[in-house]
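Asker: Below is the sequence, then the predicted model.
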Amino acid sequence: MTSSPEKSLETESTNSTNKRQFQKQPHRCYNHLHDVLIGLQSNPLYFREPFTLFWKCLKSEKGKEPPRYRPNE
C-alpha cells in the first residue's frame, strides 16, 4: 500500500505541470475608466461623456463594448 500514495504524488505533480497558467488581465472596461479619470484631471466639464461610455461598457456584453471616448481636438 505504500506504492499507492507515491503514485498519487506522482500524478499530482504531473497534473500541476499540465494545468493552464492564467494571467491576470485588466477589466474589459479599464480603458474607459482611464478616460474618465483623465477627463476629471484635465477638465471636470468633460467628465460626462467619458463616464457615459464607461457606464455603457459596464452594462454591455463581453465583446460588445462601446468605442472609447475621443475628445474633439
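Answerer: On my side now, so go ahead. Numbering: from 1, shown residues only.

Asker: My read is that residue 56 contacts residue 68, right?
Answerer: No - checked against Cβ atoms under 8 Å, the pair residue 56 and residue 68 is beyond contact range at 11.2 Å. The way it works is simple: take the backbone N, C-alpha and C, and place the C-beta from them, glycine included.

Asker: give the contact list for residue 56.
Answerer: For residue 56, the contact set (Cβ atoms under 8 Å, 6 or more residues apart in numbering) comprises residue 66.

Asker: name the element it belongs to?
Answerer: helix 48-59 (DSSP states H and E).

Asker: Flag every buried residue along that helix.
Answerer: Going by neighbour count (16 or more other Cβ atoms under 10 Å), the buried part of helix 48-59 is 50-51, 53-54, 57.

Asker: Just the CA trace of it, in CSV.
Answerer: Extracted in CSV, the C-alpha atoms of helix 48-59 (Å, rounded to 0.1, in the frame of the first residue of the first chain):
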residue,chain,number,x,y,z
ARG,A,48,-20.0,63.4,-18.5
GLU,A,49,-19.2,61.9,-22.0
PRO,A,50,-16.4,59.5,-20.9
PHE,A,51,-18.5,58.5,-17.9
THR,A,52,-21.5,57.7,-20.0
LEU,A,53,-19.4,55.5,-22.3
PHE,A,54,-17.8,53.8,-19.2
TRP,A,55,-21.3,53.1,-17.8
LYS,A,56,-22.4,51.7,-21.2
CYS,A,57,-19.3,49.5,-21.2
LEU,A,58,-20.1,48.1,-17.8
LYS,A,59,-23.7,47.2,-18.9
